[in-house]
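Asker: A structural model of the following input is requested.
(one chain, ligands or ions: 1)
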Amino acid sequence: MRKISDWGNYPIIEAEVSGFDTTDQLREKISNSGSMIAFGNGRSYGDASLQSTILLTRRFNKFLSFDDTSGTLTCQSGVMLSEILDVFVPRGWFLPVTPGTKLITLGGAIAADVHGKNHHVSGSFGQHILSMDVMRTDGSIITCSPEENTDFFKITVGGMGLTGIILKATFRLKKIETAYIREETLRAANLSEIMDSFETSGDWSYSVAWIDCLAKGDALGRSIMMRGEHASASELVNASHKHEPLNLKPGLQLSVPFAFPNFALNKLTMKAFNWAYYNKCRPGTHRSIVDYNAFFYPLDAIAHWNRIYGKRGFTQYQFVIPKAAGREGMQKILKRITESGLGSFLAVLKLFGEQEGFMSFPMAGYTLALDFPISLKAMDLFKELDAMVADYGGRLYLAKDSRMDAEMFNKTYPNVADFRQAITLLNEGNTKFESLQSKRIGITG
Ligand SMILES: Cc1cc2nc3c(=O)[nH]c(=O)nc-3n(C[C@H](O)[C@H](O)[C@H](O)COP(=O)(O)OP(=O)(O)OC[C@H]3O[C@@H](n4cnc5c(N)ncnc54)[C@H](O)[C@@H]3O)c2cc1C
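Answerer: Residues are numbered from 1 along each chain as shown. The predicted structure follows:
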């Protein structure tokens, strides 16, 4: 038994934890244990990959094949996105979709159907999967794709590990000329301005905004938008970039050495940080060429940054509301959050495009994600926010969740009943794959 948690360090549990190197070993584990859940790299925030028996997938991490003409890559599910980038960026290929951290596994990317800054043009990660193999409850392996075993495919993408263990997947990388991004940053004085910016930024491949969720009144929703495109070789200006356009020098890796005491993060420190960050960007539009790590993964440069929230841990409240309700809904929800004074510095706003996933989180609309240190007050606030999100026709992201109840889940994910029934059928009365989350929100157990 050992202590284990996902990224928010809440909850921390004791679990039997083991890995596997081959499909035979995995089959044996599945047949000899009770229920279990796959654990990729624990970058979901709550309890989606936690329960008393945990199966680590990281050792199952071989690259299996690559077609240099089409960019089609097949690898085992424990490969991390960072490993894919390390190998393929120097060859001129990039991920079709990437979340705000590259320290996640391929299995985790599919199971949560992750989204990135290009959701409005490229959809979610699952939409790029050409085929995958999954080991089921009885140890058999099913190959599924948008054309083969399609129902199983649909419930596995975004299925949070409940249909089986994803073994390997094939998907297509996209061609790039350089490892750099042509970035534009612009400041918005309030929520309405930033929403206008999103609505006129549809032609950009990547867009995202950082919101100061402590600013009030006329400044409610003041933000900085970052939008970008993969830079072509001719757009590079710096001589060293031009010399090796696809190779980055290793960046500085900082680390938070221990869990901060709880008093370190308070309203004043957070307000000061947010003020400084907002004012760092002068009014107007600024153009620059930045490397892909700085654009996509700024937080990955600080190892263990989750420790700044101290031992009590934190959670991320990420919701999406449909675009039609976006302006009014976001204004009201954000106002309630700022009034509470409980939000912290990382608030990220994004406009999603259309999405057809069965259990996937995104829908055409605005999504806001922000971190909260765990506290009773925050838990009370989430209840209020849940009601508002549900009333506006929105929902919460399972990959970030550690506290949603079954009622909220049932109300807000339209395919819950069919998903629950499918999981029950797959289990044939003997639940094999379940997490603390799946029990809490009433899909299993
Ligand atoms: C700093 C940061 C930024 C992030 N930004 C984004 C973002 O922009 N967009 C976004 O969508 N997400 C984002 N996330 C969330 C993260 O991308 C997802 O939670 C992702 O699922 C984590 O993958 P993991 O490999 O760490 O898996 P885990 O967190 O360990 O597991 C996540 C889920 O996948 C299942 N799973 C893992 N491997 C397998 C497998 N082989 N077979 C079956 N099921 C499996 C688990 O059972 C669990 O349900 C962010 C997280 C962090 C920490």
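
Asker: now Glu434, nearest residue through space, not along the chain?
Answerer: Leaving aside its chain neighbours, Glu434 sits nearest to Thr444 (3.9 Å; criterion: Cβ to Cβ, 6 or more residues apart in numbering). (C-beta placed from N, C-alpha, C; glycine too.)

Asker: that neighbour sits in which helix or strand?
Answerer: For Thr444, there is no host helix or strand (DSSP states H and E).

Asker: next, give phi and psi for Asp151.
Answerer: Dihedral pair for Asp151: phi -70, psi -40, per degrees, to the nearest 10.

Asker: my guess is it contacts Ala422. True?
Answerer: Yes - here Asp151 reaches Ala422: they are 7.4 Å apart, a contact under Cβ atoms under 8 Å.

Asker: neighbour count: these two, which is higher?
Answerer: Ala422 (21 against 11; other Cβ atoms under 10 Å).

Asker: ramachandran coordinates for that one?
Answerer: phi -60, psi -40.

Asker: need the pLDDT of it.
Answerer: Here, the pLDDT recorded for Ala422 equals 96.

Asker: just give me the neighbour total for the residue lying closest to it once chain neighbours are set aside.
Answerer: Counting by Cβ to Cβ, 6+ apart, Ala422 lies nearest to Ile155, which is 5.2 Å off, once chain neighbours are set aside. When neighbours are counted by other Cβ under 10 Å, Ile155 registers 20.

Asker: how about the one 5 residues further on?
Answerer: Applying other Cβ under 10 Å, we find 26 other residues in the vicinity of Met160.

Asker: mind checking how far it is from Ala390?
Answerer: 20 Å (Cβ to Cβ, to the nearest Å).

Asker: same question for Glu328.
Answerer: For Glu328, the distance to Ala390 (Cβ to Cβ) stands at 15 Å.

Asker: who's more crowded, these two?
Answerer: Counted by other Cβ under 10 Å, Glu328 and Ala390 do not tie: Ala390 has more neighbours, with 17 against 11.

Asker: and that one, what does it touch?
Answerer: 408, 411-412 (Cβ atoms under 8 Å, 6 or more residues apart in numbering).

Asker: and which of those is nearest the ligand?
Answerer: Closest to the ligand out of these is Thr412 (17.0 Å), distances taken as Cβ to the nearest ligand atom.

Asker: neighbours of the residue lying closest to the closest one once chain neighbours are set aside, how many?
Answerer: Distance criterion Cβ to Cβ, 6+ apart; nearest residue to Thr412, sequence neighbours excluded, is Arg395 at 3.7 Å. Here the count is done by other Cβ under 10 Å, and Arg395 has 26 residues near it.

Asker: then the one 5 residues further on?
Answerer: Taking other Cβ under 10 Å as the neighbour definition, Lys400 ends up with a count of 24.

Asker: I figured it hits Ala369, correct?
Answerer: Yes - Lys400 sits in contact with Ala369 when judged by Cβ under 8 Å, with a separation of 6.7 Å.

Asker: where do the contact lists of these two overlap?
Answerer: Common contacts of Lys400 and Ala369 (Cβ under 8 Å, 6+ apart): 316-318.

Asker: three-state assignment of the nearest residue in space to Ser201 that is not next to it in sequence?
Answerer: Closest residue to Ser201 apart from its sequence neighbours, by Cβ to Cβ, 6+ apart: Ser207 at 4.7 Å. Classification of Ser207 by DSSP: H, G, I helix; E, B strand; the rest coil places it in strand.

Asker: now do the contacts for Ser207.
Answerer: Ser207 neighbours (Cβ under 8 Å, 6+ apart): 117, 120, 198, 201, 225-228, 350-351.

Asker: among the shared contacts of Lys400 and Ala369, which ones are in helices?
Answerer: Among the shared contacts of Lys400 and Ala369, none falls in helices (DSSP state H).

Asker: write out the residues of the stretch 251-400 of the chain neighbouring the ligand.
Answerer: When proximity is defined by Cβ under 6 Å from any ligand atom, the stretch 251-400 of the chain lies next to the ligand at 299, 399.

Asker: helix, strand or coil for the closest residue to the ligand within the stretch 301-445 of the chain?
Answerer: The ligand sits closest to Ala399 of the stretch 301-445 of the chain, with a gap of 3.4 Å, by Cβ to the nearest ligand atom. Following three-state DSSP, Ala399 is assigned to helix.

Asker: and the closest residue to it other than its chain neighbours, how many neighbours?
Answerer: Residue nearest to Ala399 in three dimensions, not counting chain neighbours: Ala112, with 4.0 Å by Cβ to Cβ, 6+ apart. Neighbour count for Ala112, taken as other Cβ under 10 Å: 30.
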